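Participant: Have a look at this fold, sequence not included:
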């Protein structure tokens, strides 16, 4: 079939994603893949060169298995080194589809941000993605969404997309407008002002980074301010494990009489949408398999079987701005393309997200698994928030690990501190320093778009 911006065959019927055969979903995606490769071979600065120099016969690529066998992977380093080379040149037959609508920047915890371009075609696709995401979260036109993402120093989807989601589903939106105060324009609200605005606007949905949402909830609780209509917390930007969920629910229950649900999601700027948590389980569904194929691959770039761990890989199927093929996000995950056992979704799901690769750091000559440290901190009932810093001692210059923690009670006893030092030192394999910091100060929106849980400040890094 002819796939262009005017085709009604671009999207699935809703029932095809909930009760459809996964084989049909894959066949649909592979048809889009073939169409996309034709565009890429002519219009993509990087991939057209790869196809030409490697003598890749794109007509022989009919399936994702063919793609993984014949096409090279795209690393994050390659994209970040020259992101403009990953933007399609316009197709003269459909020039309006290629007008740049906006750009958003990656906001990783390290390195310089890179732009991802959306054209008019892409922007409408992303609005459609928001309708699917809202459906999975249970949001409707009756909701009032409060956007708690900070205004970043550069365009970022976390701050931009919630308001667009409200627009496309017909809901109302309020924006907290926290963020860096470095601007010469007095537009940023202080934390206390954001809390006041949440209380006075009485939203039904709070949407933001989970640790910051928790800060807002606890301050509302402390000041005995109520949000009667609150019923949903949309969170993303950092892991939201069982303990953090427990703290969120406990604080939310004190400011509303509604049962409050938590909807977690896994997003990436390179995707421009998020994989949304199933309402009845812990899997994360790809809401728009019409836009991107998300898979897990082994060391040879081949898709692993369902339930096996692999590297998360993204292939854009239907974009006109930034287009990435076999792009490694840098995460490890288990994928599942079977119908979801809870809701029947067949668009592909992350069954288990295992976080980033490369969690080992060399400290004082030995390898330290920082992931074990952060996982332990995230599952401790005592700890609300934390920050791990690796730095050089002022006098000796030797490496040291310092951990700042915020506790639920706000007062760390000497016994608890000794216990934390012992347990964390055992995990690290060397002694760590532990100190207590007020909850509101561990991470604030002025510090950036995402919390930096692990900072390596050593002079040789």
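Facilitator: Everything's here; your move. Since the model is a prediction, treat every value here as computed from it, not as a measurement. Numbering: from 1, shown residues only.

Participant: Residue 83: how many residues sit nearby?
Facilitator: Number of residues near residue 83 (other C-beta atoms under 10 Å) recorded here: 20. The C-beta positions use only the backbone N, C-alpha and C, and glycine is treated the same way.

Participant: can I assume it is in contact with residue 324?
Facilitator: No. Under the criterion of C-beta atoms under 8 Å, residue 83 is not in contact with residue 324, lying 10.0 Å apart.

Participant: Please identify the buried residues of stretch 338-356?
Facilitator: 339-340, 343, 345-353 (16 or more other C-beta atoms under 10 Å).

Participant: The residue nearest to residue 153 when sequence neighbours are not counted and residue 442: what is the separation?
Facilitator: Excluding the flanking residues, the one nearest residue 153 by C-beta to C-beta, 6 or more residues apart in numbering is residue 180, at 5.7 Å. Residue 180 sits 17 Å away from residue 442, going by C-beta to C-beta, to the nearest Å.

Participant: Who has more neighbours out of these two?
Facilitator: The neighbour comparison of residue 180 against residue 442 (other C-beta under 10 Å) goes to residue 442, with 19 against 16.

Participant: hang on, the earlier thing: just the pLDDT at the residue nearest to residue 153, thanks.
Facilitator: At residue 180, the model reports a pLDDT of 74.

Participant: Check the buried residues of stretch 338-356 against residue 128 and report the nearest one.
Facilitator: residue 347 (13.3 Å; C-beta to C-beta).

Participant: show me the contacts for the residue lying closest to the closest one once chain neighbours are set aside.
Facilitator: Leaving aside its chain neighbours, residue 347 sits nearest to residue 289 (4.2 Å; criterion: C-beta to C-beta, 6+ apart). Under the criterion of C-beta atoms under 8 Å, 6 or more residues apart in numbering, the neighbours of residue 289 are 12, 17, 25, 28-29, 317, 347-348.

Participant: Can you name the two of those residues that sit furthest apart?
Facilitator: 17 and 317 (14.8 Å).

Participant: returning to that earlier point: against residue 455, how distant is the residue nearest to residue 153?
Facilitator: Look at residue 180 and residue 455: by C-beta to C-beta, they are 18 Å apart.

Participant: just to revisit the earlier point, so of the buried residues of stretch 338-356, which ones are in strands?
Facilitator: Those of the buried residues of stretch 338-356 mapping onto strands are 349-353, per DSSP state E.

Participant: which residues in this protein form helices?
Facilitator: 14-18, 22-43, 45-53, 64-70, 76-81, 120-137, 157-169, 191-201, 210-222, 242-253, 370-379, 414-428, 439-442 (DSSP state H).

Participant: Mean pLDDT lowest where, among the ones you listed?
Facilitator: Ranked on mean pLDDT, the bottom entry among the helices of the chain is helix 439-442, at a mean of 81.

Participant: Who are the packing partners of it?
Facilitator: Applying 3 or more C-beta pairs under 8 Å, 6 or more residues apart in numbering; DSSP states H and E, one finds that helix 439-442 contacts helix 210-222, strand 383-392, strand 399-407.

Participant: Not counting it itself, show me its contacts.
Facilitator: 191, 211, 215, 218-219, 384-387, 404, 406, 410, 451.

Participant: Try it again at 10 Å.
Facilitator: Helix 439-442 is contacted from outside by 191, 211-212, 214-215, 218-219, 384-387, 404-408, 410, 451, 453, using C-beta atoms under 10 Å, 6 or more residues apart in numbering.

Participant: Let me know which of the helices of the chain is the nearest to residue 100.
Facilitator: helix 120-137 (8.2 Å).

Participant: tell me the angle the closest one makes with helix 157-169.
Facilitator: 80 degrees (axes from the mean of the first three to the mean of the last three C-alpha atoms, to 10 degrees).

Participant: Identify each buried residue in helix 120-137, please.
Facilitator: 120-123, 125-126, 128-130, 132-137.

Participant: wait, which of these is closest to residue 169?
Facilitator: Closest to residue 169, out of all of these and judged by C-beta to C-beta, is residue 134, at 4.8 Å.

Participant: So for that closest one, what's the nearest residue that isn't a sequence neighbour?
Facilitator: In space, residue 134 is closest to residue 169, 4.8 Å off (C-beta to C-beta, 6+ apart).

Participant: okay, now that neighbour: neighbour count?
Facilitator: 19.

Participant: and if you look at the one 5 residues further on?
Facilitator: Other residues lying near residue 174 total 20 when counted by other C-beta under 10 Å.

Participant: Okay, domains of the chain per the record?
Facilitator: 8-125+279-356, 139-267, 360-456 (automatic domain parsing).

Participant: Now distance to residue 273 too, for those, in JSON lines please.
Facilitator: Listed next are these as JSON lines, based on distance: least, C-beta to C-beta, whole Å:
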{"stretch": "domain 8-125+279-356", "distance to residue 273": "6"}
{"stretch": "domain 139-267", "distance to residue 273": "7"}
{"stretch": "domain 360-456", "distance to residue 273": "17"}
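
Participant: Give me the distance between residue 29 and residue 265.
Facilitator: Residue 29 is 21 Å from residue 265, by C-beta to C-beta.

Participant: ignore the last one, residue 363
Facilitator: Relative to residue 265, and taking C-beta to C-beta, residue 363 is found at 33 Å.

Participant: Next: residue 40.
Facilitator: Relative to residue 265, and taking C-beta to C-beta, residue 40 is found at 28 Å.

Participant: Of all the helices of the chain, which one comes closest to residue 230?
Facilitator: Checked against C-beta to C-beta, the stretch from those lying closest is helix 242-253, at 6.4 Å.

Participant: circling back to that earlier point, ok, of the buried residues of stretch 338-356, which one's closest to residue 141?
Facilitator: residue 343 (21.6 Å).

Participant: I'd guessed that closest one sits against residue 276; true?
Facilitator: No. Using C-beta atoms under 10 Å, residue 343 is not in contact with residue 276, being 11.1 Å away.

Participant: got any residues that touch both of the two?
Facilitator: Jointly contacting residue 343 and residue 276 under the rule C-beta under 10 Å, 6+ apart are 136, 283, 285, 349.

Participant: Show the contacting residues for residue 92.
Facilitator: Residue 92 makes contact with residue 98, according to C-beta under 10 Å, 6+ apart.
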